[in-house]
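Q: One predicted model, sequence on top.
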Amino acid sequence: MDFLLLEDRADYRAGDWVTLKVSTEGTPRTGMITEFEEDGFWIRFEDDFDFEDFIGYKEKYLAKLIRRPSDVRSDYPVLSQFPKLADELQDRVIQGFDILTEEIKNDQEVVYHIRLIDAGNEYTQTLRGLRDETTDQFEYVTE
């Protein structure tokens, strides 16, 4: 995909990884879009992930989509039975976590192991979804 002039909102979403350049000869910088505002968006660049920068549409950057986070509900159909867990997992995937494994314990319990690699450090978490006829909940598992 070629670099295109960044326009208002374009087809980008929170969680998308994009590369930006100020001109065709400019040095590219890649980061993850965290949220949108009317006149631009906030991005965490991979070379400075602890901080967010605001990119205004009027600045006329060139942009290229690098990757888009998966839609966990499409990729893991069992999550339709665990909506609160699905929401939390989607937030984690948008933040850069990868889903490592899915364990369907039974029709009332499912467990996901996720991982984030940031600046060479690996962080893992385990989330469990539980449900019955009236309750839908999730929890972070510490073992």
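A: Structure received.
Q: drop to CA atoms for contacts and neighbour counts, all remaining ones
A: OK.
Q: measure the spatially most central residue of the chain to Val22 for me?
A: Taking Cα atoms, centre = their mean, the centroid of the chain lies closest to Ile94, which sits 1.1 Å from it. Per Cα to Cα, to the nearest Å, Ile94 is found 25 Å from Val22.
Q: Phe97 and Tyr112, how far apart?
A: Plainly put, Phe97 is 11 Å away from Tyr112 if you go by Cα to Cα.
Q: And for Asp132?
A: Distance, Asp132 to Tyr112, by Cα to Cα: 18 Å.
Q: between these two, who's got more neighbours?
A: Under the criterion of other Cα atoms under 10 Å, the comparison of Asp132 against Tyr112 puts Tyr112 first, with 19 against 12.
Q: Once you drop chain neighbours, what's closest to the more buried one?
A: Nearest in space to Tyr112, with sequence neighbours left out and distances taken as Cα to Cα, 6 or more residues apart in numbering, is Glu102 at 4.7 Å.
Q: Retrieve the pLDDT associated with the residue nearest to the centre of the chain.
A: With respect to pLDDT, Ile94 has a value of 86.
Q: who's in contact with the residue nearest to it when sequence neighbours are not counted?
A: Excluding its sequence neighbours, the residue lying closest to Ile94 (Cα to Cα, 6+ apart) is Gly15, at 4.3 Å. Residues in contact with Gly15, defined by Cα atoms under 8 Å, 6 or more residues apart in numbering, are 32-34, 68-69, 93-96.
Q: ok, 7 Å please
A: Listed by Cα atoms under 7 Å, 6 or more residues apart in numbering, the contact set of Gly15 reads 32-34, 68-69, 94-95.
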